[in-house]
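Chemist: 3D, please:
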Amino acid sequence: MLIIEKTLDFLTPYDCLGCGQEGSLLCDWCTEEKIIPLPSRCYKCNQLTRDFAVCEKCRPKARMSNVWVVSEYSGVVQKLIKRLKFERSSTAAGIIARFMVEILPYLTDDILVVHVPTATSRRRLRGYDQAELIAKGIAKRLELRHQTLLARIGQSRQVGAKRQKRQSQLKNAFRVVRPQIVNQSKILLIDDVVTTGATLETVAKVLKDAGAKKVYAAIFAQR
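Modeler: Residues are numbered from 1 along each chain as shown. All right, here's what the predicted structure looks like:
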């Protein structure tokens with residue numbers, strides 16, 4: 001599917017999501033002007049912190065020390081994610097990965113890049129897992145290892161669900177598939193969008209219960 005898309009890109013170039021100019025999904029000008037970076041803040045309460053650390057107040061309820069988020073879920077950011085998730089435009093994953101790499105600090109080479117897996121039904125529909133594509137792009141740029149360490153149980157979707165319903169749906173939604181690698185590891189979780197944070201916290205708990213030493217996360221957009 002990705003090869004077919006690359007061929008179509010050549011035959012019918014994209015129009016820029018920001019200005020409509022033909023040639024790429026996001027032109028150089030819109031790359032600089034249309035993606036508005038978030039300030040460094042706690043992803044749970046939005047209090048300003050250093051290096052996107054979870055603030056002192058939220059820390060007792062969080063299983064991650066830092067969650068880096070590129071931008072708000074609106075405008076061109078929202079359009080990129082929708083192209084990637086609902087219009088089979090895997091090219092958007094590379095653009096998203098590039099933005100995410102830019103907000104990350106120096107990461108030691110023992111950190112594993114791990115994506116939050118989507119439901120298998122959604123993967124079959126799209127032909128790929130969007131978070132996996134983003135994670136692989138980040139790992140390649142940072143020269144880190146990408147590992148598939150999680151599997152999703154069931155097909156429940158989180159779009160539009162309230163926090164309480166999300167937490168109920170996610171209670172037993174993930175499992176570790178390679179516990180020997182997770183044990184004593186440092187993990188950078190990758191996903192495209194965060195809303196309540198319930199998915200991230202659930203996955204971080206699963207990884208820590210399996211022996212992960214440290215769990216961080218990087219997200220493209222926050223609702």
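Chemist: how about the residue nearest in space to the middle of the chain, what does it touch?
Modeler: By Cα atoms, centre = their mean, the chain has its centre lying nearest to residue 191, at 1.8 Å. Residues near residue 191 by Cβ atoms under 8 Å, 6 or more residues apart in numbering: 115, 116, 131, 199, 200, 217, 219, 220. Backbone N, C-alpha and C define where each C-beta goes, glycine included.
Chemist: quick one: which of the residues you listed is most hemmed in?
Modeler: When neighbours are counted by other Cβ atoms under 10 Å, residue 220 leads the contacts of residue 191 with 30 neighbours.
Chemist: now the helices: where do they sit in the protein?
Modeler: Ranges of helices in the chain, per DSSP state H, are 2-11, 28-33, 75-86, 91-103, 120-126, 130-142, 163-170, 179-182, 198-209.
Chemist: reformat the ones you listed as CSV; add distance to residue 148 and mean pLDDT.
Modeler: Output for the helices of the chain, formatted as CSV (distance: least, Cβ to Cβ, whole Å; pLDDT from 0 to 100):
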stretch, distance to residue 148, mean pLDDT
helix 2-11, 17, 49
helix 28-33, 30, 88
helix 75-86, 19, 94
helix 91-103, 16, 96
helix 120-126, 12, 86
helix 130-142, 7, 97
helix 163-170, 19, 60
helix 179-182, 10, 96
helix 198-209, 13, 95
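Chemist: nearest to residue 64, out of those?
Modeler: helix 198-209 (5.1 Å; Cβ to Cβ).
Chemist: quickly list the domain ranges of the chain.
Modeler: 1-34, 37-222 (automatic domain parsing).
Chemist: on that earlier part again, out of the contacts of residue 191, who's nearest residue 138?
Modeler: residue 115 (9.3 Å).
Chemist: beta partners for the closest one?
Modeler: Beta-bridge pairing for residue 115 (DSSP bridges): residue 190.
Chemist: quick check: it vs residue 200, distance?
Modeler: 12 Å (Cβ to Cβ, to the nearest Å).
Chemist: between these two, which contacts overlap?
Modeler: In contact with both residue 115 and residue 200: 189, 191, using Cβ under 8 Å, 6+ apart.
Chemist: neighbours of the closest residue to residue 24 other than its chain neighbours, how many?
Modeler: Closest residue to residue 24 apart from its sequence neighbours, by Cβ to Cβ, 6 or more residues apart in numbering: residue 14 at 5.7 Å. Residue 14 has 18 neighbouring residues, counting by other Cβ under 10 Å.
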